[in-house]
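turn this into a structure:
(one chain, ligands or ions: 1)
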Amino acid sequence: MPSEVVQINHPLVQHKLSLLRQESTHTQDFRRLLKEISLLLAYEVTRDLPLKYEVIKTPLAEMKAPLLAADKNMVIVSIMRAGQGLLDGMLELIPTAKVGHIGLYREPNTLTVVEYYLKLPHDVDQREMLVVDPMLATGNSAVAAVDRLKEANPLSIKFVCVLAAPEGIQHFQEQHPDVPIYTAAIDDYLDEHGYIVPGLGDAGDRLYGTK
Ligand code: URA
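The predicted structure is shown next:
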C-alpha cells in the first residue's frame, strides 16, 4: 500500500499559496506567506494527536477538559535550507517540539543527493517526527532524508511540504510507503531541471533573496 497523501484544501491555504507562487511576490512577503501557510499545515498535520481528559477549574466551574495526551513528544526536522521557511510557523503552534536539521543538496547535473549536515535531539526515538521541506520535487532529498532519519528510530514520521510533483510523490511512496505526505497542492510535472511546474520557482532562493 502506498503512503497516504493528504492534500490540504483549506481556502486560506489555497489563497496564500497562490500569492506565494506569484513571480511578483518578493522575499519579505514570500517569507511571511510561507510562515502563515506553515501554521495552517501544522494545524492539519496535528489533527490526529491523542487527547487526555483532566479536571480543570474555570472561573465558573470544574470540568473535565481535553488536553494533549503527550504535548512534549514531537520533533520537527527541517531539510535545509528551504525547510527553515516552515519551521518557525510550526514551532509557534507546537512550541514544545524539539528541532532537528538535515542538510542535503542536489548535485545539479545528476540531481542526486549529498548529505552535508545532520543534527538531531538525543531522544528522537521517543518522539513523533515531522519532516518539513516546502518542495517535494524529484523526491530524492525527501527519500534520502527519511532514509537517514529512520536510522534514529522516531516513533512515527510524517512528511510535510507545500507543493508536490506527481513524480516526487510516486518516488517517495515507493521508498517510504509507511510515511504519509501532507501537501497543500499537487502540481503538474517536473521540468528537465527538476523544478515543479507551475510551482513557485526555487523556494530557498525566494525565501532568502539569493537570486
Ligand atoms: N526545489 C525548489 O525549490 N523548487 C522546485 O521547483 C523544485 C525543487
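
how about the strands in the chain?
Using DSSP state E, the strands found in the chain span residues 5-7, 51-57, 62-68, 74-80, 98-106, 113-119, 128-132, 135-136, 156-160, 163-164, 181-183, 185-186, 189-190, 196-197.

quick check: angle from the third one to strand 51-57?
In this structure, strand 62-68 runs at an angle of 140 degrees to strand 51-57, with axes from the mean of the first three to the mean of the last three CA atoms, to 10 degrees as the basis.

alpha carbons of strand 62-68, as PDB, please.
Provided in PDB are the C-alpha atoms of strand 62-68 (Å, rounded to 0.1, in the frame of the first residue of the first chain):
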ATOM      1  CA  GLU A  62     -14.900  22.500  37.400                       C
ATOM      2  CA  MET A  63     -14.900  20.400  34.200                       C
ATOM      3  CA  LYS A  64     -13.100  17.500  32.600                       C
ATOM      4  CA  ALA A  65     -11.200  19.200  29.800                       C
ATOM      5  CA  PRO A  66      -9.300  17.800  26.800                       C
ATOM      6  CA  LEU A  67      -5.600  18.300  26.800                       C
ATOM      7  CA  LEU A  68      -2.900  16.900  24.500                       C
END
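
list the neighbouring strands of that strand plus their orientation.
strand 51-57 (antiparallel) (DSSP bridges).

run through who's touching the partner strand.
62-69 (CB atoms under 8 Å, 6 or more residues apart in numbering). In this view, the C-beta of every residue, glycine as well, is placed from N, C-alpha and C.

just the CA trace of stretch 123-140, in PDB.
Taking C-alpha atoms only, stretch 123-140 is exported to PDB below (Å, rounded to 0.1, in the frame of the first residue of the first chain):
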ATOM      1  CA  ASP A 123      15.800  11.500  22.400                       C
ATOM      2  CA  VAL A 124      14.400  11.200  18.800                       C
ATOM      3  CA  ASP A 125      13.400   7.600  19.500                       C
ATOM      4  CA  GLN A 126      10.800   8.900  22.000                       C
ATOM      5  CA  ARG A 127       9.300  11.500  19.600                       C
ATOM      6  CA  GLU A 128       6.800  11.700  16.700                       C
ATOM      7  CA  MET A 129       8.700  13.300  13.800                       C
ATOM      8  CA  LEU A 130       7.500  15.900  11.300                       C
ATOM      9  CA  VAL A 131      10.000  16.300   8.400                       C
ATOM     10  CA  VAL A 132       9.500  19.600   6.600                       C
ATOM     11  CA  ASP A 133      10.500  20.800   3.200                       C
ATOM     12  CA  PRO A 134       8.400  23.200   1.100                       C
ATOM     13  CA  MET A 135       9.000  21.300  -2.200                       C
ATOM     14  CA  LEU A 136       8.600  17.600  -2.900                       C
ATOM     15  CA  ALA A 137      10.100  17.600  -6.400                       C
ATOM     16  CA  THR A 138      12.100  14.600  -7.600                       C
ATOM     17  CA  GLY A 139      11.700  13.200  -4.100                       C
ATOM     18  CA  ASN A 140      15.400  12.400  -4.000                       C
END
